[in-house]
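# Provided below are the primary sequence and the corresponding predicted coordinates.
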Number of protein chains: 2
Amino acid sequence: MEMDEEFIQYVERVENLNEIIGILHWDQEVMMPIDGINARAMQISTLSSMRHELIVDERLGELIKKEAGRKNEEEKAIHREIKRLHERASLVPAELVKELSQLTSRAFPIWVESKQKADFRNFEKSLRLIIEKKREMANCIDREKDPYEVLVEDYEPYLSLSSMEQILSELKDSLIPLIEEIRERGKAVEEAFGDSFDIQDQKYLSEDVLNLVGYDWQRGRLDTSPHPFSMGNVFDARITTRFEEEDIVGGLLSTIHEFGHSLYTLSLPSEHYGTPLCGDMGMIIHESQSRFWENHVGKSLSFWESILPIIKVRFPKTKLGNVEHIYRSVNRVKLQNPIRVNADELTYHLHIIIRYEIESALIRQELQTSEIPAMWNEKMEEYLGITPENDSVGCLQDIHWSHGSFGYFPTYSIGSILAAQINHCIEREVGNLEDLIRRGDYNSLKEWLNKNIHSHGGKYTTPELIKKATGEDIKIDYFIQYINEKYSNIYEI
Amino acid sequence: MEMDEEFIQYVERVENLNEIIGILHWDQEVMMPIDGINARAMQISTLSSMRHELIVDERLGELIKKEAGRKNEEEKAIHREIKRLHERASLVPAELVKELSQLTSRAFPIWVESKQKADFRNFEKSLRLIIEKKREMANCIDREKDPYEVLVEDYEPYLSLSSMEQILSELKDSLIPLIEEIRERGKAVEEAFGDSFDIQDQKYLSEDVLNLVGYDWQRGRLDTSPHPFSMGNVFDARITTRFEEEDIVGGLLSTIHEFGHSLYTLSLPSEHYGTPLCGDMGMIIHESQSRFWENHVGKSLSFWESILPIIKVRFPKTKLGNVEHIYRSVNRVKLQNPIRVNADELTYHLHIIIRYEIESALIRQELQTSEIPAMWNEKMEEYLGITPENDSVGCLQDIHWSHGSFGYFPTYSIGSILAAQINHCIEREVGNLEDLIRRGDYNSLKEWLNKNIHSHGGKYTTPELIKKATGEDIKIDYFIQYINEKYSNIYEI
């Protein structure tokens, strides 16, 4: 690397501050005594401000100009990422950043309370103010552009919104009739598991499975938190999961999902720690990794074949169906479920599409906040045939909007689409996935992912990386094919 | 508070960065996966540099000048603390800070290895280089002053070294003959406890005892780490302890010691979080709190009376002597022990005095590093009648010098002296300590400590605070009286 030392220092500081903020969040969710939040809020706000000041520093702007026109691919990538951060942040007035941060800080407990009371009106004003400020922010960044597109770029700066919207639209067109058919003609699938599983034993089971797929405990740890997440860097990529006594499958899949995230993080090029080269390429690639492991590995027949002996050892008293029954049970379509995070591989995307349609309309001023509950319930009925009992299990269920995260939801679905495309490539280039899993050959999977995705770190943009890894642009076909085969088989339609 | 907003922002940033560095250290010791150190070192170094830049910022210097001459006591204290930091740090060239930080980073693993191999010569060069740089640093800060005094001021800026040295000298004169007498005429005290205690049950016992004395779990937690420590702020004051299977007393006393630190932290004036007013007044006051709880409470007869039923419940199979025997056993003078952290209330101070005499001579260039092992063993023989088996249990046992901490050791002893003075005041103003403990009346103790010490936070300097709390300057008399009574009784001399 021949870049200017002062320039690299800016880059490294920004990256390390991000890491530290990540640790403070992890600690807050997993370890911090409850009253610690009083100090933690100030600590995080201090670091966020200092990070912001670094990023918008005029001196950094000069260095970015000086370092432009680098030929080396890695230097270009570092330059691209810090330039994007700098330009974006420089366009937003500090006052607006502060207002938004205060608004979301205040909105969060109101959202918690409103959700508890199933009272959307209690939350509406906070949400309206946040949306106004987010629009203002989008306008500051690019007055000419669709404000929703500008906000999506916070999570996925490189894949165009039009291509994402195209996918979401095709997804909707394919899934609604398929779910409809399952509802009408599909055989009901009964629960294959008993109804009570000791939490500590579930944790041991998760650890067993992490050992099976090969999680590196020297660089990671497993804890529990109300909302599972993963955090960290190539040297320290921790995951959390969540266990419920009555649901052995949910906790385990959550562990595998987060393992997918952490495997990506742990395979980044460590020699570049402290620069975006040792960072991930955004939410879509990240989610493709977690969904690949959760859906394509963790919900496969051979995976459940291979872990059945472990389950029997950990839960000697539980009644279990045979493995085909378990497989169908793990994958069954939850036709009555109103909650996104509990959804199956089919209905999940309609939950996402509802959020995408509503949030994009809100940001584009095509919908008023007061209309959200009615619109939500209407779409739920139309797409899924469900009317949520109340707003707590309806439009208040997700934390995202209270945080000011608009444009995040689509990345979940696009990540799943990409996971299917990756799965297709692996089957073509490495072998049949069910066979690999049956043989316990996770290394071949990990080698492919490492070589084609993880090891590139932040070098290529999302579309470049997808093209490099799969030989094609992102497309929905592999997902549609996969999902049709899988569910026709399960539901005998 | 009417201070300039920009000035207060500097103050709050420095305080919050300190807190965050504390959390990163806690996480590193208690939670971090082992390989995480690769990223953690960069994270801490990033924050330390940014903190240093803030402190030496010329703009802060201007603001300090502008804010001078404040009349309000609290404003004066904030000004005093940030001014001290700014002036001290501004006198040391950034290059020297960096060199010292690199030297100590490199020295640490060499110390670990040298200690393992009991090979002082392997460590000597690193130590010599650190001492040279520490001297250089002291000279930068004040070329006219005794360099050791300058370094001590890092840990205790307000109590003069001459008064500390006076105390250490009197301590030595009193303790050597007392220990000598115990050696010659004292009755041997036998171990009152069995020799194997389940670690998990020891942790439960520590939690029981923390509940007994009233630790606030909403603002704290107990974990284990190789070296017990406490960290945090008024909203989040965590402690760690260490258990050994063969020693039930050591782990428990370690918990109580750290509880004393955290009680201080948890009783600081929370409305001033983010400023030095919600900070502690240095190592001596801190150590007086931990030693008060460890020695005066945790080693008292009535304390062991009150926890004996808990021990019996937690360890139903262990053989126990009667409580007087246990008391004598907990307090027995370890005449053959070469290790500071395992020492009793008497010999402990001679371990400290040896370190103080050696480190001050090294910094004052009255002693060469090559002479350390011989000097150490000579003093051990002279003061304690012990010759360490090797340097691993001799001059290599403590981590401090490898970190560049010179001038820290004396604060341990001075803290104990102050604890006895505080104990004396409490007995005068609240009541007999043994009675209070027997009645489980920890609240009266905590109220006195809170009112007279904790609630003042960083408002008063160490001598001011001692005078305010005890009505006198620090003096050794109460300690000498306490220690003579206690040990004459135990050893029937």
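Cool, got the structure. Because the structure is predicted, anything quoted here is derived from the model rather than measured.

# pretty sure A:Val14 is touching A:Val56, no?
No: counting by C-beta atoms under 8 Å, A:Val14 stays clear of A:Val56, with 11.1 Å between them. For glycine as for every other residue, the C-beta is placed from the backbone atoms N, C-alpha and C.

# what about the two, which has more around it?
Remark: of A:Val14 and A:Val56, A:Val14 carries more neighbours, 23 against 19, as counted by other C-beta atoms under 10 Å in any protein chain shown.

# how close does the residue sitting nearest the centre point of chain A get to chain B?
Central residue of chain A (C-alpha atoms, centre = their mean): A:Glu287, 4.7 Å from the mean position. Separation of A:Glu287 from chain B (C-beta to the nearest C-beta, to the nearest Å): 23 Å.

# one more: A:Ile8?
Distance check for A:Ile8 against chain B: by C-beta to the nearest C-beta, it reads 12 Å.

# what's the neighbour count on that residue?
When neighbours are counted by other C-beta under 10 Å, A:Ile8 registers 17.

# tell me which element it falls in.
helix A:5-30 (DSSP states H and E).

# any idea of the angle that helix forms with helix B:5-30?
The directions of helix A:5-30 and helix B:5-30 differ by 70 degrees, with axes from the mean of the first three to the mean of the last three C-alpha atoms, to 10 degrees as the criterion.

# show me what counts as buried in the helix or strand following helix A:5-30.
Where DSSP H and E defines the elements, the next helix or strand beyond helix A:5-30 is helix A:37-56. Residues of helix A:37-56 classed as buried by neighbour count (16 or more other C-beta atoms under 10 Å in any protein chain shown): A:39-40, A:42-47, A:49-52, A:54-56.

# contacts for the very next helix or strand once past helix A:37-56, please.
Past helix A:37-56, further along toward the C-terminus, the next helix or strand under DSSP H and E is helix A:58-66. Residues outside helix A:58-66 that contact it (C-beta atoms under 8 Å, 6 or more residues apart in numbering or on different chains): A:4, A:6-7, A:10, A:54, A:79, A:82-83, A:86, A:90.

# can you pull the buried residues of helix A:58-66?
Of the residues in helix A:58-66, those with enough neighbours to count as buried (16+ other C-beta under 10 Å) are A:60, A:63-64.

# closest to chain B among the residues you listed?
Nearest to chain B among the buried residues of helix A:58-66 is A:Leu60, at 14.4 Å by C-beta to the nearest C-beta.

# from A:Gly274, how far off is whatever residue of the stretch 151-300 of chain A ends up closest to chain B?
Relative to chain B, the nearest point of the stretch 151-300 of chain A is A:Asp236 (3.2 Å; C-beta to the nearest C-beta). Going from A:Asp236 to A:Gly274 by C-beta to C-beta, to the nearest Å gives 13 Å.

# so which of these two has more stuff around it?
Residue environment comparison for A:Asp236 versus A:Gly274 gives the larger neighbour count to A:Asp236, 31 against 21, counting by other C-beta under 10 Å.

# any idea how far the more buried one lies from B:Met42?
Distance from A:Asp236 to B:Met42, by C-beta to C-beta: 11 Å.

# now do A:Ile34
Computed with C-beta to C-beta, the distance linking A:Ile34 and B:Met42 is 31 Å.

# got the residues of chain A near chain B?
Proximity of chain A to chain B, by C-beta under 8 Å from any C-beta of the partner chain, involves residues A:12-13, A:16-17, A:19-20, A:23-24, A:27, A:31-40, A:42-43, A:46-47, A:50, A:217-221, A:232-236, A:238, A:270, A:273-274.

# all helices of the stretch 151-300 of chain A, in order?
For the stretch 151-300 of chain A, the helices defined by DSSP state H, counting those that start in this stretch cover A:161-185, A:199-213, A:248-266, A:282-291.

# will you turn those into JSON lines that also has mean pLDDT and distance to B:Leu433?
Converted to JSON lines, the helices of the stretch 151-300 of chain A look like this (pLDDT from 0 to 100; distance: least, C-beta to C-beta, whole Å):
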{"stretch": "helix A:161-185", "mean pLDDT": "96", "distance to B:Leu433": "70"}
{"stretch": "helix A:199-213", "mean pLDDT": "98", "distance to B:Leu433": "42"}
{"stretch": "helix A:248-266", "mean pLDDT": "97", "distance to B:Leu433": "50"}
{"stretch": "helix A:282-291", "mean pLDDT": "97", "distance to B:Leu433": "58"}
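
# nearest to B:Lys125, out of those?
Go through the helices of the stretch 151-300 of chain A one by one with C-beta to C-beta and the one that ends up closest to B:Lys125 is helix A:248-266, at 37.3 Å.

# residue in the stretch 51-200 of chain A nearest to chain B?
Going by C-beta to the nearest C-beta, chain B is nearest to A:Leu54 of the stretch 51-200 of chain A, at 8.7 Å.

# one step back: among the contacts of helix A:58-66, who's most crowded?
Ranked by the number of neighbours (other C-beta under 10 Å), the contacts of helix A:58-66 place A:Ile82 first, at 23 neighbours.

# for it, which non-adjacent residue is closest in space?
Beyond its immediate neighbours in the sequence, the residue positioned closest to A:Ile82 (C-beta to C-beta, 6 or more residues apart in numbering or on different chains) is A:Val11, lying 5.3 Å away.

# my guess is the one you found meets A:Gly279, correct?
No: here A:Val11 lies out of contact with A:Gly279, judged by C-beta under 8 Å, at a distance of 10.5 Å.

# picking up where we left off before, ok, the nearest residue in space to the residue of the stretch 151-300 of chain A closest to chain B that is not next to it in sequence - contacts?
Counting by C-beta to C-beta, 6+ apart, the nearest residue to A:Asp236 once its immediate chain neighbours are dropped is B:Gly36, at 3.2 Å. If you count contacts by C-beta under 8 Å, 6+ apart, B:Gly36 has them with A:219, A:232, A:235-236, B:28.

# go through those residues and say which is closest to A:Phe315.
When those are compared for distance to A:Phe315 (C-beta to C-beta), A:Arg219 comes out closest, at 29.4 Å.

# name the residue most distant from the centre of chain A?
In chain A, the residue most distant from the centre (C-alpha atoms, centre = their mean) is A:Lys66, at 35.6 Å.

# and the buried residues of helix A:37-56, which two are furthest apart?
By the measure C-beta to C-beta, the buried residues of helix A:37-56 have their two most distant members at A:Ala39 and A:Val56, which lie 26.3 Å apart.

# contacts for stretch A:470-479?
Around stretch A:470-479, the neighbours that count as contacts under C-beta under 8 Å, 6+ apart are A:159, A:163, A:167, A:170-171, A:174, A:414, A:416-425, A:452, A:463, A:466-467.
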